[in-house]
Each structure stands twice: as structure tokens, then as C-alpha cells.
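A.B. asks: Give me coordinates for this.
(one chain, ligands or ions: 2)
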Amino acid sequence: MANSDNQIVIHFGELWLKGRNRSSFVKILNRNLRASLKDEKYDKLENARDRFILHLEKGSDRESIMNALSHVFGISWFAPVVITGNSVAEIMRAASGMYKKGERVRIEAHRSFKGLRYNSQELVSAFLKNKKKFRFELDRDGSELLINITKDGAMLVKEKRRGPGGLPVGSSGRAVVLLSGGIDSPVAAFYAMKRGLEPVYLHVHAFNNNKQAISSKISELVKTLSSYSRSSRVYYAPAYLFQSATVKIPRKYELVVFRRFLFRLAEKVAEKENASAIVTGESLGQVASQTIANMASAQLGIKPMIIRPLIGFDKEEIISQAKRLGTYETSIKKYRDVCSIGVKNPSTKMNDRLVSRLYSECKLDSVLKRTEKLIS
Ligand code: ATP
Ligand code: MG
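C.D. replies: Ligands and ions are numbered 1, 2, ... in the order given. Have a look, this model is predicted:
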């Protein structure tokens, strides 16, 4: 094995549990890793059975690469690694080259191969016996140096970083993510991607044409989210046909009728994109449209599965996740969202019959067909 510190070891997370699907999941993770590193300089990405080894080269930007890796779902942890032979002398020599003078280091040794003449404890003792020879200092409270001993060699890992976990984006298929300008839906998109769904976004806007919507903050939200997925197609559709068709219905009913319309539109995009689910940022009871009765009558007859990753989240939890994700600042920027127009006291007890009646009175099937033609 090469003795070089110019490598990063990348460990899968849950992929281990997947039994027979494992190889296809690893393939998707491999593809996603390459996509997320497409602007980076590196020598090669090696698939080493239960992990990947990324070989860097001169000119590789390690920090930028580590940052990209922290956005790839399916990775449980990653770290710069030194690979060396598995004799005590080779391990000590390699460790010695990994630190600057005075750094405090705690040795943590594991053997996945037990056929050697020393055990983990004896390796640590050898370090202690030779401590004067190292530039670094051995210290129980120091940063961890993980030494993993295998049959073919030893892996020395420092600065272990947590990956985002979850499953590789695309391994669970595709979903249409209903994206608004608010705080919740970008967070819902994040959790959908975390479970392996590849997002296609749909935004329904209050502008006169899609061009204006494209230059709005929605693109900014998608850009932040796209560091987690290879591609992020966004569909835009105007709400004005819906709005002029529904002027006559009582305002308190408009919200749920709009939501049914939104789902129908998402269903059309799902057909086109071969997506089997629709993702929303709804949470139970957060606003009037999010009572069980209202959510149920809005989704009546919709074929794709509707996924609401935030169903059990409090608003504060969603906000702190949005801040971590980096979408919060964009979400709170002023924006004229379709749902924010009017409606002070929307009904919380809509039922299927009422929604269906209003839907057909306003001829929303035909409005849907015409709106579909305006999607781009
Ligand atoms: P958000 O913060 O995501 O806007 P919200 O708490 O404001 O959510 P609603 O306005 O009831 O709640 O919207 C619920 C969900 O419906 C949103 O999370 C989003 O998935 C979807 N949605 C709402 N408005 C739109 C829109 N204009 N275009 C596409 N999807 C939308
Ligand atoms: Mg909203």
C-alpha cells in the first residue's frame, strides 16, 4: 500500500443494512460523489469494498473537497487518511509525520485483523514507550488518531468528520417538491433528499410570467439546496388563471381549493418527470390549511404518494434546521407568495364534498389544463 497522506477515506452509513440492494446503492453514491466533485482537482476515486478512498493530487483543494463531501447523502463519515504497512514501526513512523510539534494526540487502535503479533493495547503501549521520539505529545484529552489495522496494512485517520448520513440521492427515486418562498419547504426538500429522493421542484407564483419568477429568490433557494443533489430542475407555473377563476368563492375556502389545485399541478409534473411522490413542507396543525381535515380534502384523488417530512416538527425546529441548511436568510426575504395573499380566517374544517363542489363550480379542471401549458 502507498504511504501517502494525500487521501481521504469515505465511509458509507446505512448502505451496510441494505443487503442485496447494496451494490446499486454504492453505484449511485459513486455517481453522486463524482458529480459533487466535478469542479475539484483529484487523482482518482477508488471503490474499496466497504468504503471509498479519494486520492488527491498536487493542486487539490482539500478543504473545498471536504466541504463538498459534507453535502453528499449516504456518507456517514470521512477523514484524511494515511495508509501504511501494519508493522508497529511503520505505523509509528506514519503517525509521526501527521502532526506538528506540540500537537496533543490520543491514540485509538482497532484491529479488524487479529492475526498479527501485537494487539491494540500493545500498539498503544509501544507509542507510550517511544513517546520522546515523537514531535506530538500523547494526551488523553488530545485529538483522536484512529489506527485501524487490517490484514494488508494500517489506516491512520485524523480529524474524522461526520457526513450528512441518509441514503444517496436518487436511490429512492424521484419526487416533485412543492417549493414556496417560505421557511418550511426548503427544509422538507432537504429531508426528502436525505432519504434518497431526487428532487424536481415546482413553484407556483403570483407574477405575470415565469421569467419574473425565475429571477426571484426561488432560484436562490434552489441553488442552496442543489449542493445536495446532482441536478435541480425547477418548474414554474403562474397562479393568475386560478386566481381569476376563484374570485367568486368565499375567501375562507380558497386556501384548501388552491391546495388541491397545487397537488393536481404537481401530479402532472410528476407524470412528466416519472416521479412517484410529491413532497410538501406541511406540518400538522401549524396553520389553518394544515389540519387533518384540510390536508385530507386537498389531497383527495392524488395518485403520487404525498410525503410531508416535517409533519412532526415544531416551527422552532424547522427554523433552526433552515439556519443550518443556509436557506433561512433567503426564506425570510420579502416575497409575494401566492398563499400569503389575503385570507384572515380560513376554514379549518373543509370536507371532500365542499372542496370538490367548489373545484367544479370554478371549472378548475379546465384552468388546470390551461395552466399546465404555461409551465416551464
Ligand atoms: P412554507 O414555509 O414552506 O411556505 P407554510 O407554513 O407557509 O410553508 P403553506 O403556505 O400552507 O405553509 O404551504 C404548505 C406547503 O405547500 C409548502 O411547504 C409548500 O410545500 C407548498 N406550497 C405552498 N405554496 C406554494 C407555492 N406557491 N408553490 C409551490 N408549493 C407551495
Ligand atoms: Mg407558505
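
A.B. asks: Specify the residue ranges that define each domain of this structure.
C.D. replies: 4-162, 174-374 (automatic domain parsing).

A.B. asks: Between those domains, which one is closest to Pro168.
C.D. replies: domain 4-162 (3.8 Å; Cβ to Cβ). C-betas here are computed from N, CA, C, even on glycine.

A.B. asks: What sits closest to Trp69 if chain neighbours are left out?
C.D. replies: That one is not Trp; residue 69 is Leu. Phe78 (5.1 Å; Cβ to Cβ, 6 or more residues apart in numbering).

A.B. asks: Look up how far Ile65 lies from that neighbour.
C.D. replies: Distance of Phe78 to Ile65, given as Cβ to Cβ, to the nearest Å: 9 Å.

A.B. asks: Those two: which has the busier surroundings?
C.D. replies: Counting neighbours by other Cβ atoms under 10 Å for Phe78 and for Ile65 shows that Phe78 has the greater number, 24 against 20.

A.B. asks: burial count for the nearest residue to Pro199 once chain neighbours are set aside?
C.D. replies: Leaving aside its sequence neighbours, Pro199 sits nearest to Val177 (Cβ to Cβ, 6+ apart; 4.5 Å). With neighbours defined by other Cβ under 10 Å, the count for Val177 comes to 32.

A.B. asks: Does Val177 belong to a helix, a strand or coil?
C.D. replies: Of the three states, Val177 takes strand according to DSSP: H, G, I helix; E, B strand; the rest coil.

A.B. asks: elements contacting the lengthiest strand in the chain?
C.D. replies: As assigned by DSSP state E, the longest strand anywhere in the chain is strand 75-84. With contacts taken as 3 or more Cβ pairs under 8 Å, 6 or more residues apart in numbering; DSSP states H and E, strand 75-84 sits against strand 7-12, helix 62-69, helix 88-96, strand 154-158, strand 161-162.

A.B. asks: can you pull the buried residues of the third one?
C.D. replies: Going by neighbour count (16 or more other Cβ atoms under 10 Å), the buried part of helix 88-96 is 88, 91-92, 94-95.

A.B. asks: next one: the fourth one
C.D. replies: Of the residues in strand 154-158, those buried by neighbour count under the rule 16+ other Cβ under 10 Å are 154-158.

A.B. asks: Just the CA atoms of it, as CSV, please.
C.D. replies: Taking C-alpha atoms only, strand 154-158 is exported to CSV below (Å, rounded to 0.1, in the frame of the first residue of the first chain):
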residue,chain,number,x,y,z
ALA,A,154,-2.9,0.1,8.7
MET,A,155,-5.1,3.1,8.2
LEU,A,156,-4.4,6.2,10.3
VAL,A,157,-7.3,8.6,10.4
LYS,A,158,-7.4,12.0,12.0
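
A.B. asks: any idea of the mean pLDDT in it?
C.D. replies: Averaging pLDDT along strand 154-158 gives 94.

A.B. asks: Give me the contacts around it.
C.D. replies: 9, 79-86, 90-91, 94-95, 98-99, 143-148 (Cβ atoms under 8 Å, 6 or more residues apart in numbering).
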